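**Q** Below are the sequence and a predicted model for it; my questions follow.
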Amino acid sequence: MIGGAGAYRRDLLNLLCPAQFHEYSSNIRPTRGTGRWIEKKQKFQAWRGRISCKLWIHGKPAAGKSYLAKHITNQLRASGDSLVVDCFLNARLKERNSCEAILRATMHQIATKDSKLWAWAVDRPEVRQPGDRTTDWTVEQLSNLWPDLVAKAATDCKGGVSIVLDGFDEVAEEDQNDFLDCLQRCETKLRSQARQKLRVLVLSRWCSSLKNEKRGFIEYEIGEQDNAKDIHRTVQRGLDYFAHQAEYSDDFQKHLCDAVTRGAQGIYLWATVMIADIGIRMPDEQQLGQQLKNLPKDLAELYDSILGNINSVRGDSGPRTQRVLLWVVFGLEPLELHQLNHALTLAELWAKDHERVITQELIQSSMIRPPKVFKATLYRLCGQLLSLSATNHVQPIHSTLTEYLTTHPDVFKDRDHRKWIVPNHETFHLSEQDVHSDLGRMCAAYLMMPPFASAGERFTATPKGRARWELKVQTRVENHPLVKYAALCWLKHAALAGPVQPTPKEEIRDVKNQKTLRNLSTGYGTSWYEVWWFARRWRDFNFPGLVEDFETVRADAERMDNALVPPVELPLAPDWHSQVVSVTPAASVATLVGATNGESSGSNPPSAEGPLVNVADNTTANGGNYYGYVRAGGPSSSETLDGEVVLTGADTALPVCLVEPIPRTTTELTKVTRVTTRPRLLAAGTPK
C-alpha cells in the first residue's frame with residue numbers, strides 16, 4: 001500500500017469534504033446574549049437530558065433558526081458533554097443541498113476528531129480497498145458507512161454524539177427521507193441502552209418528512225414571543241452603530257427599538273434588514289417617526305419599500321442595483337467582492353452596447369476602484385439586501401429575496417386585482433428565463449475576449465508538461481477574475497434560459513459566440529475548457545485532447561453537479577483506451593517492460609513468481625507499442641498494486657491499467673477480459 005495505512009486513511013478522509021467546508025457557519029454570528037430562551041423550553045431540556053433524543057425545531061422563514069442552531073452548537077461544544085457535529089444546509093450551494101452533503105460533513109467531523117474511529121470504519125474489507133477504481137466516495141458507500149460510523153461513535157465516545165442540522169428544508173424531500181432512512185439504520189445498530197447516546201436536532205421550516213410519526217421526532221414550533229427579546233437586543237446593537245451620528249435621542253432610540261421589534265412579528269430577518277436600511281438612509285427623527293407609524297407588514301413589503309426608495313431617491317441607482325441583484329441572486333456560484341466588481345462592470349458595458357467587444361483593459365478602466373470604494377458603493381446601493389461571508393463572497397440576504405424578485409407581479413395585487421400591494425415590484429421583477437439568458441450571453445462575451453483567442457502551450461502528460469500547463473491556467477484565472485465563473489457556468493445559464501427570442505443582431509452574435517466556444521479546436525474553446533477542468537479540481541488528471549472525450553466528461557460532470565469532488569469514474573486520456581487482453585501464463589516477469597514497433601525491449605526479462613497478464617497498447621502518443629504485465633495474487637513491490645498493470649515507455653507518465661476482473665489465482669488469469677488504461681492512482685484512489 002503506497003504511503004502506508006495512515007496515508008490511505010487520510011486520503012479517504014480528504015475525499016469526504018475539504019476542511020474549509022466547516023468554515024461556512026463562521027459567518028453566522030448570533031448577537032451576544034441571544035438564543036438563551038430555548039434552554040428554558042421543556043422539550044429542549046428533555047432533548048439535552050436524553051429523555052427524548054430527536055428534536056425538530058421549526059418556524060417561519062427567516063425567524064432566526066440558523067442563529068439559534070449556531071447558539072446551540074456553541075453551547076454543546078462548550079459543555080463538552082458529547083461529540084458535536086453539525087451541518088448548515090443551503091439550497092443555493094450545491095455542496096450543501098443534499099443528503100450526501102449531510103453524510104459527508106458529519107462523518108468528516110467525527111473522523112477528524114477521532115482517528116481511531118475512522119481507522120475502524122475504513123479498514124474493514126467491505127468498505128474500501130486500496131486501488132479502488134473510484135476517485136471519490138459514492139453515495140451508496142456513504143449511505144452504508146454512515147450508520148456504522150455514527151453508531152460506533154455514539155457507543156465509544158464519552159457522552160455519545162450530538163448531531164445538529166440547520167436548514168433541513170433546503171434539501172429536496174427525497175434527500176430528506178434518504179437521510180432519515182440512514183438515521184433509522186443507525187438507531188437499529190445501537191443497542192437499546194445505547195440509543196440515548198445519539199442525539200439529533202433538526203431546525204427547518206415545515207417539513208412533512210419530519211412530521212411523520214414513524215420518524216420519532218419531538219416537535220417544537222418557534223412562536224412570535226420566543227425570540228422577541230433576541231430581536232430587540234439585535235435591533236439595539238444595530239442601532240448603536242449609527243444612533244450617535246444620526247443624532248437620535250435616548251428616548252427615540254428606545255421607541256425605535258420597540259417599534260421595529262413589534263413590526264417584526266417574530267421574523268428576525270425583517271428586523272435586521274429594517275434596521276440596516278435605516279442605518280444606510282439615516283432619516284431624522286421626524287421623518288423616521290412617520291415611517292414607524294406605517295411599517296411594512298412582511299418581508300415582501302419591506303423589500304419593495306427598500307427598492308422603491310433606492311429607485312426614487314438615488315437617481316440612476318435603480319438600474320445599477322438591479323444589475324447587482326442579477327449577479328448576486330441568480331449567479332450559480334457565489335462571487336467574491338473583486339469578482340462581483342468585474343461582473344457588475346461587464347454588465348454595465350454590455351447594457352450600454354451589446355455589440356461592443358469586451359476587453360480586459362476596458363473592464364479595468366471602467367471598474368470602481370479601489371476595492372474599499374467598491375465595497376462602500378455596494379453597501380450604499382443595496383447593502384441591506386446582501387450578505388458578505390467570512391471568505392468575502394457576496395450572497396443575497398435570504399432566499400425570500402429571490403422569491404420576491406421572481407414572483408409573478410399578478411401575485412402581488414389585492415383581492416380585486418386592481419391595486420399593487422407592493423407598488424415597486426413590477427420595476428424590479430426579474431424573469432428567471434430572461435436573467436439566465438442575459439448571464440449566459442455576458443459570460444460568453446467575456447470568454448470571447450482577445451486574450452483567450454490562443455490557449456497557449458498544449459497539455460502534455462509528463463511531470464514538467466503538467467506543471468507548465470497548470471501554471472498557465474492558474475495565471476489565466478488570476479489575471480481574469482471572472483473567467484472561472486464564466487467557464488463553469490455559461491453553458492448552465494444557457495440551459496436554464498431555455499428557448500429565448502433575442503433580437504436579430506443579438507441572435508447572430510450569440511450564435512456565433514456559442515458556436516466558437518463549443519468548438520474546442522479553437523483557442524477560445526480550449527481556453528475556457530482548460531479553466532473549467534482546472535476549476536473543478538481535476539488538474540491532477542490528464543487533460544483530454546479530443547472534443548468527444550471532453551463532451552463525455554462534461555456531460556458526466558454536469559449530471560453529478562457537485563463542485564466539491566472530481567468525477568466518480570476517471571476520464572480516459574485521449575491516447576489510452578480499453579481493450580481485450582491476451583494471457584501469457586508461461587512467462588514470469590518481475591519488472592514492467594516497454595517495447596516499440598511490436599518487439600520486446602527485453603527478450604529475457606528477470607524471472608519472478610506468479611503468472612502474468614500481457615497487455616499491448618497500439619495507440620500511444622509516440623506511435624510505439626507498449627507492453628505491461630501484472631502478477632496474480634498481489635504486488636511484489638511498492639510500485640505495483642494488485643490488479644493494476646503499469647505501462648512504461650520513453651515519454652509516459654506511468655499510466656495505470658485496471659484489469660477486469662482482478663486475477664488472484666493462475667486459473668483466474670484466463671478470465672481476464674479487459675484492461676482500462678487510466679492515469680496512475682495512489683492506493684487510496686486519489687491522483688498522484
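**A** Noted; the coordinates are in hand. Residues are numbered from 1 along each chain as shown.
**Q** Now Asn513. Nearest residue, chain neighbours left out?
**A** The shortest distance from Asn513 to any residue that is not its chain neighbour, by Cβ to Cβ, 6 or more residues apart in numbering, is 4.4 Å, and that residue is Ala444. Quick note: C-beta positions are derived from backbone N, CA and C, even for glycine.
**Q** Please tell me how far the one you found sits from Asp510.
**A** Noted for Ala444: a distance of 7 Å to Asp510, by Cβ to Cβ, to the nearest Å.
**Q** So these two - more neighbours on which side?
**A** Just comparing Ala444 and Asp510: by other Cβ atoms under 10 Å the higher neighbour count belongs to Ala444, 23 against 20.
**Q** wouldn't the more buried one be in contact with Gln514 here?
**A** Yes: assessed by Cβ atoms under 8 Å, Ala444 is found in contact with Gln514 at 6.1 Å.
**Q** Tell me which stretches of the stretch 201-350 of the chain form strands.
**A** Listed in chain order, the strands of the stretch 201-350 of the chain (DSSP state E, counting those that start in this stretch) span 218-221, 335-336.
**Q** What of the stretch 1-150 of the chain?
**A** With DSSP E, counting those that start in this stretch as the criterion, the stretch 1-150 of the chain has strands at 54-58, 83-88.
**Q** could you dump those strands to TSV with mean neighbour count and mean pLDDT?
**A** Putting those into TSV (neighbours: other Cβ atoms under 10 Å; pLDDT from 0 to 100) gives the following:
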stretch	mean neighbour count	mean pLDDT
strand 54-58	23	98
strand 83-88	24	97
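**Q** List of residues touching whichever helix or strand the residue nearest to Asn513 is part of?
**A** Counting by DSSP states H and E, the secondary-structure element that holds Ala444 is helix 432-447. Outside helix 432-447, the residues that touch it by Cβ atoms under 8 Å, 6 or more residues apart in numbering are 326-327, 330-331, 343, 346-347, 350, 358, 406, 482-483, 485-487, 489-494, 496-498, 500, 502, 506, 510, 513-514, 517, 524, 527-528.
**Q** Run the chain-centre distance for that helix.
**A** Centre-to-centre, helix 432-447 and its host chain are 21 Å apart (Cα atoms, centre = their mean, to the nearest Å).
**Q** Over to stretch 26-43?
**A** Using Cα atoms, centre = their mean, the distance between the centre of stretch 26-43 and that of its chain works out at 27 Å.
**Q** At the geometric centre of this protein, which residue do we find?
**A** By Cα atoms, centre = their mean, the chain has its centre lying nearest to Glu95, at 3.1 Å.
**Q** surely that residue meets Pro18?
**A** No: applying Cβ under 8 Å, one finds Glu95 not in contact with Pro18, separated by 9.2 Å.
**Q** How about the contacts made by the residue lying closest to Gln225 once chain neighbours are set aside?
**A** Nearest in space to Gln225, with sequence neighbours left out and distances taken as Cβ to Cβ, 6+ apart, is Gly266 at 7.5 Å. Listed by Cβ under 8 Å, 6+ apart, the contact partners of Gly266 are 59-60, 63, 222-228, 231.
**Q** Can you tell me which of these are buried?
**A** Buried members of the contacts of Gly266, scored by 16 or more other Cβ atoms under 10 Å, are 59-60, 63, 222, 226-228, 231.
**Q** Which ones among those residues lie within helices?
**A** Taking DSSP state H as the definition of helices, the buried ones among the contacts of Gly266 contribute 228, 231.
**Q** Can you add distance to Glu432 and pLDDT and give the buried ones among the contacts of Gly266 back as TSV?
**A** Output for the buried ones among the contacts of Gly266, formatted as TSV (distance: Cβ to Cβ, whole Å; pLDDT from 0 to 100):
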residue	distance to Glu432	pLDDT
Gly59	27	96
Lys60	25	94
Ala63	26	96
Ile222	31	97
Asp226	35	97
Asn227	32	96
Ala228	36	97
Ile231	32	97
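**Q** Count residues in the vicinity of Ala151, would you?
**A** 22.
**Q** helix or strand for it, which one?
**A** Of the helices and strands defined by DSSP H and E, Ala151 is found in helix 139-156.
**Q** Past that helix, which element shows up next along the chain?
**A** Under the assignment DSSP H and E, the closest C-terminal helix or strand after helix 139-156 is strand 161-166.
**Q** Now do that next one: which elements does it pack against?
**A** Secondary structure elements in contact with strand 161-166, counted by 3 or more Cβ pairs under 8 Å, 6 or more residues apart in numbering; DSSP states H and E, are helix 65-79, strand 83-88, helix 99-113, helix 139-156, strand 198-204.
**Q** Show me which parts of it are buried, residue by residue.
**A** Of the residues in strand 161-166, those scored as buried under the neighbour-count criterion (16+ other Cβ under 10 Å) are 161-166.
**Q** nearest to Ala91, of the residues you listed?
**A** Asp166 (12.4 Å; Cβ to Cβ).
**Q** got any ranges where the stretch 151-300 of the chain has weak pLDDT?
**A** Flagging of the stretch 151-300 of the chain using pLDDT under 70 yields the residue ranges 192-193.
**Q** now do the chain
**A** For the chain, the stretches with pLDDT under 70 are 1-5, 126, 128-135, 192-193, 313-316, 414-420, 500-508, 537-541, 545-688.
**Q** so how many other residues sit close to Ile280?
**A** Here the neighbour count serves as a burial measure; for Ile280 (other Cβ under 10 Å) it reads 17.
**Q** Just send the strands of the stretch 1-150 of the chain back as TSV, with distance to Gln339 too.
**A** Conversion of the strands of the stretch 1-150 of the chain to TSV gives the following (distance: least, Cβ to Cβ, whole Å):
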stretch	distance to Gln339
strand 54-58	35
strand 83-88	23
